[in-house]
Structures are given as C-alpha cells and as structure tokens.
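Trainee: I would like the atomic coordinates for the input below:
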Amino acid sequence: MLPTRIIERKRDGGRLSSDELEAFLRAYLQGDVAEYQMSAFLMAAFIRGLDPAELSVLLREIIDSGARLRFEDDGPPAVDKHSTGGVGDKVSLILAPLLAEAGLRVPMMSGRGLGHTGGTLDKLEAIPGFDVSVDLARFRVILDEVGCAMIGQTKEIAPLDGRLYALRDVTGTVPSPPLIAASIVSKKVAEGIEALVLDVKCGRGAFITDLEQARGLARTMVDLAVAEGVRTSALLTAMNAPLGRTVGNALEVREAIETLRGGGPADLREVTLALSAELLVSVGRAPGAEEAAAELGAILDGGAALERFVRLIEVQGGDPKVADDPGRLPTAPVRESFRAPGSGWLDVHARRVGVASVELGAGRRRVEDAVDPRVGFEFHRLAGDRVSEGEPLVTVHAADTASAATAAHRLANAIRVSPEPAAPQPLILERIA
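Mentor: Take a look at the predicted model:
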C-alpha cells in the first residue's frame, strides 16, 4: 500500500476499496503514514467526499481502533447527545446533569473547540481543577456515583478519531459531512449507549449553513447510528446568532450554572430541554416530547440538576464552590464595552463572533495552542432586540487592552443594527428520526 496512491486516487475522485482504506488508516495509526499525508487525504476527502462504503469502513476502523464500553448491568439506560458545533453552545454542561437527575445514565465523551466553535472540554477545564483526562475504569466509577461523567476521548476509545479530529481542526477540513458523521457516530457507539440525540446546527454560525445539507448530514448520522443498534434522532437547530448571552469558556460555565439554577437565557433553555426530551422519550421514560420537556423543566427550576453538577465537579477534581461563587472561575483582567453603532434592531453574525473569540484566545489556531479560559464576550442584548445608539451591547473580556481593541474591531464586523426587524426564526427547525 503506497500512501501517495491512496491520496491521489481520492484527490482525483476515485473510489477506494475497503481493503485499501483499511490498510491506509491502520498504517496511519502505526506511524507508517505521516501526519502531512493524512492531512492531504483529509483535504481530498473534504473536496471529493466519501461514498457510503468508504464511510462505513472509516466508521468501523475508528470504532475498532479502541475499546467499546458495554453496560450489561440492570442500571439506568445509557444515553448521550452530540452537537455538530456552535457558537456559545454550552448545552452539554446542562443536559448531562439534568438527564442524570431524571434517572438516566450519561457517559459523555466530548471534544475541544473546532475552528470558530467552542468545545465542551475547554469549558469544563475553565473550572479550576476539573479533570477531563479520565481512564475508562475511573469513568465507570464516576458514572455509578454521579449518574453522568464528562471526559475527553481516552486512548482507549476511538484513538484514530482523536488524531484525525486534531488534524481537521487546523487543516480547514472540519465542515465535511462524512468526516463529521464518522467522528461523531463512532465515539457515541463506542460509549455503549442505548439512545442518542444529535444537535445538527444550521445557519451562518454553523459548519453547515445550508438547510438541505444539514438534513443530509442528520440523516447520514441517524442511519449510521441506527445501523449500529443505537436509537437515534436529530434536531436541526438554528445557529445564525450565538446561543445564549456568552461566548468564551469561563463565561459559558457561569451561564450554564445560572441555567441549572432555573434561570438562564430563554433560547439556551429551549434548546437544552428539546434535546433532553428526545432522550427521555427514546428510552420510554416519557410518553411524548411535551411531557418530557415539562418534567425536565421542573427539575431545572427545582435546582436538583445543579446539585448533581456540583457533585460531578467535585468527583472530577474541580472546585465545587464555583456554583455559589462564580468569581472563583478564571476572570479576565480587562473589560471593555462595545456599544451600539446606531438605533434599530440588533443582528449578530455567529460565525464572525466565533472567529473573534478565537482571536481573543478562547479557541485555537493550531493544535498546540493554549486556550485562555478567561476571555470572551458577554452580550447584554440579543439578536432581534430593539437597541439605541450608544448603549452597551457587549462586554469584551480580554487579557490586555490591545486584544480588547482588536476584538472590538472584529465585533464591529459581526454586529449590525437594522432599521427594520428581521422575520423571526424558530430555534428548532426540524426533527429527523
């Protein structure tokens, strides 16, 4: 097997046989295919796509590259959720303890930021001491003790995907439907879950901006997961503006805690409850989505889900006092206000905000970059609000005045004030099952 021949054939639109693709992927894991060669293959796959047979091989090789969890006890159903990536998307931090409090088991393996979108692991690591590098034995202990666990990919689970994931982030190959589908579904199948809900973001802040393409990605992932024996549904959710009021790791943890306390922005709560309800219904714990959302909303309002999140933080080595004292979270030394450039109705471009947050230090340009958990944006008004010229719209949390000024310049390209309000758009666009 010559790596260059594989790359060239995919580059030119040819189809790889199962044996060829298997050999190439296994050689990469063994160190016989270089990182730059795999980067070239990922770009070729991004441009040319993968046919169903190639996608099936990729999925199977990722799963088989590591261990697969199995829950063969009489405990609660194991479920999970995955998002294709959004700006300000801190849903996982709320959903995992919420569903655990509702009586389910949530073995959640998450990722770091990709491109302009944030990552759950980066948010969790903004909590002082929180350890996301937990092996499978400890993972199961945490699950038994708390009902949920939130960790990164271990060396034991889908190690091939971990390496591909890091390369995609820095080679411009993130928004590839087959690569997204294989990455997401492989990890979730390896978790040993019974049910999965997919949050497929669609809009100018998502990797998939076109609704028809988002439908196609959702259908591909649902079919892949169902073929592996996992009950799966997908919600297409709007990602034109950031979700919630904050973008940036420590800021988003603070907002998640506020939501677990029964507050939080209405849009964040709506998406979280809709996704959580899908899983409650999938495992037969509720007759329908409306009843499930009502039950879960009552749990949020009662504060029990926050108590479970505090237990999770403590068990995974974090500072549980952040729930009562958010000031214990990392705090940026510089705060600057970005003011409305005019009067009218606010429009916020999610992707541009996400890019600005990465440049501020909340995300990565390269695999080896460190993330600054302190920095980000705190919105005081949301897209669609009526605003007046000069009023504070966003607080920029920055490491220094120079980066704050740069971020403000970026925000000027991300925020518009229009003389007429835009037509309202629902947050939940479609359901695919």
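
Trainee: looking at this protein, which helix or strand is least sure?
Mentor: Using mean pLDDT, DSSP states H and E, the weakest-scoring helix or strand in the chain turns out to be helix 159-171, at a mean of 87.

Trainee: which stretches of the stretch 151-300 of the chain form helices?
Mentor: Taking DSSP state H, counting those that start in this stretch to define them, one finds helices in the stretch 151-300 of the chain at 159-171, 177-190, 211-227, 249-260, 266-282, 289-302.

Trainee: need the ones you listed in a markdown table (columns: mean neighbour count and distance to Leu136).
Mentor: Yep, even glycine has a C-beta here, placed from its N, CA and C like the rest. Output for the helices of the stretch 151-300 of the chain, formatted as a markdown table (neighbours: other Cβ atoms under 10 Å; distance: least, Cβ to Cβ, whole Å):
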| stretch | mean neighbour count | distance to Leu136 |
| --- | --- | --- |
| helix 159-171 | 20 | 12 |
| helix 177-190 | 25 | 10 |
| helix 211-227 | 19 | 21 |
| helix 249-260 | 26 | 25 |
| helix 266-282 | 24 | 22 |
| helix 289-302 | 17 | 29 |
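
Trainee: follow-up on the earlier one: so which elements touch the least confident helix or strand of the chain?
Mentor: Secondary-structure packing of helix 159-171 (3 or more Cβ pairs under 8 Å, 6 or more residues apart in numbering; DSSP states H and E): helix 18-30, helix 35-48, helix 52-64, helix 177-190.

Trainee: nearest to Ala323, of the helices of the stretch 151-300 of the chain?
Mentor: With Cβ to Cβ, the closest approach to Ala323 among those belongs to helix 249-260: 5.5 Å.

Trainee: okay, the angle between the closest one and helix 266-282?
Mentor: Helix 249-260 and helix 266-282 are oriented at 70 degrees to each other (axes from the mean of the first three to the mean of the last three Cα atoms, to 10 degrees).

Trainee: and the angle from helix 249-260 to helix 289-302?
Mentor: Using the same axes, to 10 degrees: helix 249-260 against helix 289-302 is 100 degrees.

Trainee: other SSEs contacting helix 249-260?
Mentor: Short answer (3+ Cβ pairs under 8 Å, 6+ apart): helix 249-260 packs on helix 91-101, helix 120-124, strand 246-247, helix 266-282, helix 304-315, strand 376-379.

Trainee: what does it contact?
Mentor: With contacts defined as Cβ atoms under 8 Å, 6 or more residues apart in numbering, helix 249-260 is touched by 88, 90, 93-94, 97-98, 118, 122-127, 244-246, 264-265, 268-269, 272, 300, 303, 305-306, 309, 322-323, 326, 329-331, 362, 371, 373-374, 376-378, 397.

Trainee: got a ChimeraX select line for the buried ones in those?
Mentor: Buried subset of the contacts of helix 249-260, written as a ChimeraX selection, criterion 16 or more other Cβ atoms under 10 Å:
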select :88,90,93,94,97,98,118,122,123,124,125,126,127,244,245,246,264,265,268,269,272,300,305,306,309,322,323,326,329,330,362,371,373,374,376,377,378,397
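
Trainee: many thanks, have a good one.
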